[in-house]
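A.B. asks: Got a predicted structure plus its sequence, pasted below:
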Amino acid sequence: MALGATLCAPWSGTLVGRFGPRRPLILAGGFIAAGGLCLTNLRQDTSVPLILLAHLLIGVGFGFANAPLTNTAVSGLPRSRAGVAGAITSTARQVGAAIGIAVAGGMAAGATPAGLAAASHPGWLLVTACGLFLLVVARVSRS
């Protein structure tokens, strides 16, 4: 995930500067949904390359999402409030990640080691749904 985010975040910033936030958000939603979809049927015998690919796709999606989200938050306020908007966006991202990890951990908490892969299915479905939601919202939004 970190590799995908690191590689695509600068590219996302370039796309936001050139075309606005819509295109990178469409890419973000598509990559996040694709990565989550790869893991919705996770089993004990799922291949490591598939797991790595799924996490790379999700990371790429995160990389494409950060710049347009921050840009949209900052550009919607006067310059004197741009720092506040950036801080709120960053805080919301961190709180969302913490809540997401807590919810995913809660869903899989009672699973045995053998059942952990199956217990993760609702979490991966949620990741897929979030990616699809982002894709649809970015697609129907105005530039």
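C.D. replies: That came in fine, so what should we check first?
A.B. asks: C-alpha only now, for contacts and for neighbours.
C.D. replies: Will do.
A.B. asks: So which residue is dead centre in this protein?
C.D. replies: The structure's the chain has its C-alpha centroid closest to residue 62; by CA atoms, centre = their mean the separation is 4.2 Å.
A.B. asks: ok, now how distant is that residue from residue 78?
C.D. replies: Note on residue 62: its distance to residue 78, by CA to CA, to the nearest Å, is 27 Å.
A.B. asks: ok, back up a step: can you name the residues that contact the residue nearest to the centre of the chain?
C.D. replies: 4-5, 9, 28, 32 (CA atoms under 8 Å, 6 or more residues apart in numbering).
A.B. asks: How far away from the center of its chain is the helix or strand that residue 136 is a member of?
C.D. replies: According to DSSP states H and E, residue 136 maps onto helix 121-140. How far helix 121-140 lies from its chain's middle: 9 Å, per CA atoms, centre = their mean, to the nearest Å.
A.B. asks: Check which helices and strands that helix sits against.
C.D. replies: Packed against helix 121-140 by the contact rule (3 or more CA pairs under 8 Å, 6 or more residues apart in numbering; DSSP states H and E) you find helix 22-38, helix 82-108.
A.B. asks: which residues are contacting that helix?
C.D. replies: Helix 121-140 is contacted from outside by 22-23, 25-37, 39-42, 104, 107, using CA under 8 Å, 6+ apart.
A.B. asks: Which of the residues in it are classified as buried?
C.D. replies: 121, 123-132, 134-135, 138-139 (16 or more other CA atoms under 10 Å).
A.B. asks: So for that helix, mean pLDDT?
C.D. replies: For helix 121-140, mean pLDDT rounds to 94.
A.B. asks: Now do that helix against helix 82-108, angle only.
C.D. replies: 150 degrees (axes from the mean of the first three to the mean of the last three CA atoms, to 10 degrees).
A.B. asks: State the distance from residue 129 to residue 135.
C.D. replies: 10 Å.
A.B. asks: I meant to write residue 109 there.
C.D. replies: Taking CA to CA as the measure, residue 109 falls 30 Å from residue 135.
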